[in-house]
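**Q** I'd like to go over a predicted model; first the sequence, then the structure.
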Amino acid sequence: QVQLAESGGGSVRAGDSVTLLCKYSRSVYQMAWFRQLPGKEREGIASIDTDKIVQNIRSLEGRFTISRDDVKNIMTLQLRGLRPEDTALYYCAADRNWRAFWYEEIEYKYWGQGTQVTVSS
């Protein structure tokens, strides 16, 4: 079992930056950040494996940066230049194995409860 706990969300203004944290109980190969916009399905933002290889969706690349520290067991997501359309519930996810379709929620066995980010204009 792997426990995941997100933190760092909150209410911010457009243009602000936020750093989300995901504390995990033990390191597993592949981890990712997802978000769920109001009324939408969860979508993958970025993933990172134990070799620190990053994959992310192009539309958010440059504004969102993923990283992980397997000594502290913390994965982070830095969000910069936030926009009202970034308002969502942000989740971290993990799986023991390499996931070919890293952006699909079905690929991940372990999930956190999510942390809300609300961006006002």
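**A** Structure's in. What do you need?
**Q** center of the chain, which residue is that?
**A** Nearest residue to the geometric centre of the chain (C-alpha atoms, centre = their mean): W33, 2.1 Å.
**Q** now do the buried residues in the lowest-mean-pLDDT helix or strand in the chain.
**A** Least confident helix or strand of the chain, by mean pLDDT, DSSP states H and E, is strand 54-56 with a mean of 92. For strand 54-56, a neighbour-count test (16 or more other C-beta atoms under 10 Å) marks Q55, N56 as buried. Backbone N, C-alpha and C define where each C-beta goes, glycine included.
**Q** name the nearest residue to R80, sequence neighbours excluded.
**A** Spatial nearest neighbour of R80, excluding adjacent residues (C-beta to C-beta, 6 or more residues apart in numbering): S17 at 4.6 Å.
**Q** return the distance of that neighbour relative to Y108.
**A** 26 Å (C-beta to C-beta, to the nearest Å).
**Q** now swap in I53 and tell me
**A** The value you get for I53 to Y108, if C-beta to C-beta is used, is 16 Å.
**Q** just want to know which of the two has more residues nearby.
**A** Y108 (23 against 10; other C-beta atoms under 10 Å).
**Q** low-confidence ranges in this structure?
**A** Applying pLDDT under 70 to the chain flags no residue at all.
**Q** pairing partners for the least confident helix or strand of the chain, with directions?
**A** strand 42-49 (antiparallel) (DSSP bridges).
**Q** who touches the strand it pairs with?
**A** Strand 42-49 has contacts (C-beta atoms under 8 Å, 6 or more residues apart in numbering) with 29-37, 54-57, 60, 64-68, 75, 77, 90-91, 98-99, 102-105.
**Q** which residues in this protein form strands?
**A** For the chain, the strands defined by DSSP state E cover 4-7, 10-13, 18-24, 30-36, 42-49, 54-56, 64-69, 74-79, 88-95, 110-111, 115-120.
**Q** give the full set of residues in contact with Y108.
**A** Going by C-beta under 8 Å, 6+ apart, the list of residues near Y108 reads Q30, A32, A93, A94, D95, R99.
**Q** give me the number of residues near the residue nearest to R80?
**A** Count around S17 with other C-beta under 10 Å applied: 11.
**Q** could you check how far it is from G10?
**A** S17 sits at a distance of 12 Å from G10 (criterion: C-beta to C-beta).
**Q** that's all I had, so thanks and see you.
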